[in-house]
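K.L.:
Need coordinates for the following:
(chains A and B)
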Amino acid sequence: MANKYVTDEAKKQIGKVSEARTYDVERGAIRRFAEAIGDPNPLFNSDSEARKSRFGGMIAPPTFCRSMGAAIPDIKLDMPTFRGLDGGSEWEYLAPIRAGDRITVQSKLVDLREAAGRLGPMVFTVVETTYTNQFGEVCAIQRSTGIRY
Amino acid sequence: MAKQIYFEDVEVGTEIGPLEKNPTTQQLVKYAGASGDFYQIHYDKDFALGNGLPGVILHGALKNGFLGHLMTDFAGEHGWLRKLGVQYRGMDQPGTKVVARGKVSKKYTDGPEHLVDCEIWLENHQGEKTTPGTATVILPSRGAR
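P.N.:
Coordinates of the predicted model:
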């Protein structure tokens, strides 16, 4: 059965990237994030304690990336209206994000597909977001699945 | 720093946690501020009720943060959380506890790295898994010291 919304034309958008956004990682922002998730780990809270660690200074908790929002690639689908759901996400952590880092965040549409759902066709969008530091090192990669129905 | 766990200390089935969290509306407001996610369903009860929700609900990303906390505690200073995946299956509301737990599902090496895969989840006060996930952690090895 042919797709209703994810047509061959719509699929040409796979590979589309968003504009890049850049964030300066402040020590206070790391601490406030750690406090918000209720994590007292000294690596995320105390520069003096973290200096004695193998990291040599404060680092961000892995899920801190959530505070550095990415622009989403502009996905055009001929859906009259849609509701959206967060289908969850997978993260890979490759290098620590440190206080003082400058992180560039960019997203790319890596998959677009359609499946039949109870309420009609459901469209799955998979977006990959990379978090790269000022040395060009990729610190984290997020793959998130969005559902439109 | 907390006591370090080593690769040799864990087996398939080793339990992780539990890490109990008692989120309040105040914590949701802190998370909104710290993360920049100001969607009103997470702190404005009237708005949440108007959207057909039972009240304000936890940010999915906050639950992701709780599972991250569980895993960075497990990894310790000399370990490293390499992968974290979560799925949002059910809503959680402030005022009731949620518990993060996990268990080791696989133990292996890849080149110089000692890795463990884990099944992780957040369960509500009724023991229902609202947020299942998976994690991969690099652990230090006693042999490699």
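K.L.:
Where does pLDDT dip in the chain?
P.N.:
Defaulting to chain A. A:1 (pLDDT under 70).
K.L.:
The intended chain is chain B.
P.N.:
B:1, B:144-145.
K.L.:
In the chain, which strand is the longest?
P.N.:
As the question left the chain open, I've gone with chain A. strand A:102-117 (DSSP state E).
K.L.:
hmm, I had chain B in mind actually
P.N.:
Criterion DSSP E: the longest strand present in chain B is strand B:98-110.
K.L.:
which residues in the chain form strands?
P.N.:
No chain specified, so I'll use chain A. Per DSSP E, chain A carries strands over the ranges A:21-24, A:84-93, A:102-117, A:120-132, A:138-148.
K.L.:
ah, I was thinking of chain B
P.N.:
B:15-21, B:80-86, B:98-110, B:113-123, B:129-138.
K.L.:
quick one: A:Gln106 and A:Met68 touch, right?
P.N.:
No: with contact defined as CB atoms under 8 Å, A:Gln106 does not count as touching A:Met68 (10.9 Å). Bear in mind the C-beta positions are built from the backbone N, C-alpha and C, glycine included.
K.L.:
Those two: which is more packed in?
P.N.:
Shown here are A:Gln106 and A:Met68; by other CB atoms under 10 Å in any protein chain shown, A:Met68 has more neighbours (21 against 18).
K.L.:
Spatially, what comes nearest to that one if we skip its sequence neighbours?
P.N.:
A:Tyr23 (4.5 Å; CB to CB, 6 or more residues apart in numbering or on different chains).
K.L.:
For A:Arg32, find the nearest of the strands of chain A.
P.N.:
Among the strands of chain A, strand A:21-24 comes nearest to A:Arg32, with 14.1 Å by CB to CB.
K.L.:
related to what we said a few turns ago, using PDB, write out the CA atom coordinates for the longest strand of chain B.
P.N.:
What follows is strand B:98-110 as a C-alpha-only set of coordinates in PDB (Å, rounded to 0.1, in the frame of the first residue of the first chain):
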ATOM      1  CA  VAL B  98       9.300   7.000  41.300                       C
ATOM      2  CA  VAL B  99      12.100   4.500  41.700                       C
ATOM      3  CA  ALA B 100      14.900   4.000  39.200                       C
ATOM      4  CA  ARG B 101      16.200   0.500  38.900                       C
ATOM      5  CA  GLY B 102      18.200  -1.700  36.600                       C
ATOM      6  CA  LYS B 103      20.000  -5.000  36.200                       C
ATOM      7  CA  VAL B 104      23.000  -6.100  34.100                       C
ATOM      8  CA  SER B 105      21.900  -8.000  31.000                       C
ATOM      9  CA  LYS B 106      25.300  -8.600  29.300                       C
ATOM     10  CA  LYS B 107      29.000  -8.300  30.100                       C
ATOM     11  CA  TYR B 108      31.700  -8.200  27.400                       C
ATOM     12  CA  THR B 109      34.900  -6.600  26.200                       C
ATOM     13  CA  ASP B 110      35.400  -4.600  23.000                       C
END
